[in-house]
Structures are given as C-alpha cells and as structure tokens.
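[1] 3D model of this:
(one chain, ligands or ions: 1)
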Amino acid sequence: MKKALRITAIVLVLALIATGSAFGQQKIRIAMVVKGLGNGFFEACRDGGQEAAKELGNVELIYTGPSTPTAEGQIEIIDSLIAQKVDAIAISANDRDALVPITKKAMKAGIKVISFDSGISKDGRMVDLVPSKEDLIGRQQVQLIASLIGNKGEIAILSATSQATNQNAWIGWMKEELKKPEYSQMKLVATVYGDDLSDKSYREALGLFESYPNLRGIISPTTVGVAAAGKAIEDKGLKGKVELTGLGLPSEMKYYVDKGICKKFALWNPIDLGYTATYISYSLVKGQITGKPGDVVKAGRMGNINIGQDGGAVMGVPFVFDKSNIDKFAKMF
Ligand code: RAM
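    Just a heads-up that it's a prediction; the model follows:
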C-alpha cells in the first residue's frame, strides 16, 4: 500500500515537472514601454502584444509608459523594470540617445531590449522594429498633401515631441521629397511640436493659422497631432482653406474624413506592430535570435521578419485611408 502511494506520488511529481508547473515555471515577462499613456495608437499596439502573448503561451505582457511623453519618465520606468527583473523590454523611445545608458544597464542585467515604432540608437537595443521604411513614410506624407492642394501653397508640419526618433526621421524624408521640381510651388513655412498631447497640438495648430494666414496645408505625422489639427480646422471654420493629412488612427479620423476636413491620411496597423514587437522580444529571450543581420523571427500570423543591418527590422508598407475604406478600418483601430 505504502509503496503504491509512493509510486503515485512520484508519477504525480514527474507529471507536474513535465507540464512545467511543479516549480511554478516562471512566466516570460515582456514589458512594452510606450511613449506616453492615453494614446490610442499605443493601446492598439498593446492589444497586438496581448494577442501575441496569448498565442505564445506562458508570456505576460506588462503595458506601461509615462503619463506625458518624456525620456525622463521612460528612464524611471525602465529603472523599475530592471529591479523587477523582467525578461524583455520593447520600447517606443521619446529620445534616441537619452535612453541609451539605462537600456544598456538593462541589457547588462540580462534583459533583452528592443525598440519599436520610435527607435533607440544602436548601442542601446538589440533590435529596432520600424513599421515601414522611413523614406516611404516621409515621402508619402508630402505626396498626400501635394495631391490635396494641387502642389501649390504654404504647408506646415505639426509633429509630436521635438526629440521623437520616428517623427524626426520622417520629417527628414519629407524635406528630401520637397526638393523635387514638382513641389517648387510648395513652401514648408514651419515645423511645430504638439508633444503628442491633444491640447498642446490643438494650440500649436491655432498658432499656425495665426502666424501663416495663407497656410494651405498641414502634415501631422502623429495620431495625436492629426486628430487635434482636424478639430482646430473645424473649430476655426477653415475646412477647404487648410487641408490636412498625416498619420492617423482610422477610428479617430473617421469623423474628419466624413466631414471632408481630412480627405486622406496614412498609417500601418498598430495592432500588428505590437504583435510583431512581442514576437521579436520573445525570440530574443528564448535565444532563437540574437539580433544580428540575417536572423529571422517567426512572427506568427505576420510570417517571417528579417533582421537587417544594425538590428533593423521593417514590418510593412504604410496604408492610405480615405472615404472608400474608412468605415471598415475605424472598427479595427
Ligand atoms: C503617435 C506616436 C507614435 C507614431 C504615431 C504615428 O501615436 O507619435 O510614435 O508612430 O503617432
């Protein structure tokens, strides 16, 4: 009898070990650190991250970020994530250089660090995932506003924070595109920063109307800025006088598309971006990749993601939304 009991106990322990629960097999904890909380774009990234975590199993996604988009806020958060010994950090950076010392500290502590959406300089992360090629995104923004104003008139850029890696890269390409002869009658008169805060972006848009009474178009390559600019154009009765494009969330821009205030804008799928970032983080934790050129991440429904030069990875091509498709996508993100 005693022997039978002992055998049963041994079998039970072995079964528990096999399922990984005997010693409370640790969950892999991936922290998604976003530029700032309360931004619908990042909430969609979080949803994608959670979808990936569920598929991978045994993964906990910790969604976090500062209340306003600053590098200082992100540094504090990363410090506490190091103390919590998370396994990976995927961050959309408010500053490409200011975060390097703290993410280096994280990597020294054995934490795998990637940047996604808005990158960290290459010493401070193992992989940098961008939603699409930076030149495509930037050039496309100019092409969109040009088509709305007939390639003629004053335009301004309403950006996010002045240090944002992603917006600054796109703005660089917008300026390149504007050098082409077809835009010779278009003039970029100002670049202003709404800091990815709705009220500040709204005020910056009003400032542009005041300073540039002949303004014909605004490019706002931030989901927060473009929606705020839409509201400013509506409130000031400038529909048709000032055209608007940018990078927006269909769910937030549908109203302005329906009203004809923003006829076209672009974006990629932020759910897919958060999903892919989570798969890449997981692959690093599991040692399936190290982030070197030639590494391939098997990213679930996103297929294979190739790691290129300097740990860079690209997700896809930006998509244009207009009245023909806005209803469908507004339900998704
Ligand atoms: C805002 C953020 C984010 C950017 C999008 C387009 O939500 O600045 O980093 O990718 O806009």
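[2] please make it C-alpha for all contacts and neighbour counts, starting now.
    Noted.
[3] wait, a helix at Met187?
    Wrong residue type there; residue 187 is Lys, not Met. No: with DSSP: H, G, I helix; E, B strand; the rest coil as the criterion, Lys187 is strand rather than part of a helix.
[4] ok, for it, nearest residue in space, not its chain neighbours?
    In space, and not counting its chain neighbours, Lys187 is closest to Glu154: 4.8 Å by C-alpha to C-alpha, 6 or more residues apart in numbering.
[5] show me the contact partners of the helix or strand that that neighbour is a member of.
    Per DSSP states H and E, Glu154 falls inside strand 153-159. With C-alpha atoms under 8 Å, 6 or more residues apart in numbering as the contact definition, strand 153-159 has outside contacts at 167, 185-196, 201, 204-205, 208, 214-222, 225-226.
[6] what sits against the residue nearest to Gly316 when sequence neighbours are not counted?
    Distances taken as C-alpha to C-alpha, 6+ apart place Ser132 nearest to Gly316, at 5.0 Å, with adjacent residues excluded. For Ser132, the contacting residues are 268, 314-318, by C-alpha under 8 Å, 6+ apart.
[7] how near is Ser132 to Thr290?
    When distance is defined by C-alpha to C-alpha, to the nearest Å, Ser132 is 22 Å away from Thr290.
[8] check Gly248 too.
    Gly248 sits 33 Å away from Thr290 when distances are taken as C-alpha to C-alpha.
[9] which one of the two is surrounded by more residues?
    Gly248 (26 against 18; other C-alpha atoms under 10 Å).
[10] measure that one to the ligand for me?
    Using C-alpha to the nearest ligand atom, to the nearest Å, we find Gly248 at a distance of 6 Å from the ligand.
[11] how about that residue: what's its closest non-neighbour residue?
    Thr223 (4.2 Å).
[12] so that neighbour touches Pro250, yeah?
    No: with contact defined as C-alpha atoms under 8 Å, Thr223 does not reach Pro250; the gap is 9.4 Å.
[13] about what we covered before: average pLDDT across the next helix or strand along the chain from the strand holding Glu154?
    Past strand 153-159, heading to the C-terminal end, the next element that is a helix or strand (DSSP H and E) is helix 165-178. Averaged over helix 165-178, pLDDT sits at 98.
[14] got the angle for helix 165-178 vs strand 153-159?
    Here helix 165-178 runs at 160 degrees with respect to strand 153-159, directions being taken by axes from the mean of the first three to the mean of the last three C-alpha atoms, to 10 degrees.
[15] so how far is helix 165-178 off the chain centroid?
    Distance, stretch centre to chain centre, for helix 165-178: 16 Å (C-alpha atoms, centre = their mean, to the nearest Å).
[16] try stretch 228-245
    Per C-alpha atoms, centre = their mean, the displacement of stretch 228-245 from the mean C-alpha position of its chain is 25 Å.
[17] and if you look at stretch 113-123?
    Taking C-alpha atoms, centre = their mean, one finds stretch 113-123 lying 11 Å from the centre of the chain it belongs to.
[18] show residues contacting it.
    Counting contacts by C-alpha under 8 Å, 6+ apart, the residues outside stretch 113-123 that touch it are 88-97, 99-100, 103-104, 106-107, 124-131, 164-167, 273, 277, 281, 310-311.
[19] quick one: buried residues of it?
    113-122 (16 or more other C-alpha atoms under 10 Å).
[20] which one of the residues you listed is nearest Thr68?
    Comparing the buried residues of stretch 113-123 against Thr68 with C-alpha to C-alpha picks out Ser118 as the nearest, at 15.6 Å.
[21] what are the phi and psi values at that closest one?
    With angles defined as degrees, to the nearest 10, Ser118 shows backbone torsions of phi -130, psi 120.
[22] same check on Gly207?
    For Gly207, the backbone dihedrals are phi -60, psi -40 (criterion: degrees, to the nearest 10).
[23] where do the strands sit along the stretch 201-333 of the chain?
    Across the stretch 201-333 of the chain, reading from the start of the chain, the strands by DSSP state E, counting those that start in this stretch fall at 215-220, 243-246, 265-267, 296-298, 304-306, 312-316, 319-321.
[24] can you check the stretch 51-200 of the chain too?
    The residue ranges that make up the strands of the stretch 51-200 of the chain, judged by DSSP E, counting those that start in this stretch, are 59-64, 88-91, 112-116, 127-132, 153-159, 186-193.
[25] I'd like those laid out as TSV, including distance to Met32 and mean pLDDT.
    Formatted as TSV, the entries for these read as follows, by distance: least, C-alpha to C-alpha, whole Å; pLDDT from 0 to 100:
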stretch	distance to Met32	mean pLDDT
strand 59-64	5	98
strand 88-91	5	98
strand 112-116	9	98
strand 127-132	13	97
strand 153-159	23	99
strand 186-193	25	98
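[26] would a markdown table of those with distance to the ligand be doable?
    What follows is these, written out as a markdown table (distance: least, C-alpha to the nearest ligand atom, whole Å):
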| stretch | distance to the ligand |
| --- | --- |
| strand 59-64 | 14 |
| strand 88-91 | 10 |
| strand 112-116 | 9 |
| strand 127-132 | 8 |
| strand 153-159 | 8 |
| strand 186-193 | 11 |
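[27] I'm done for today, thanks for sticking with me.
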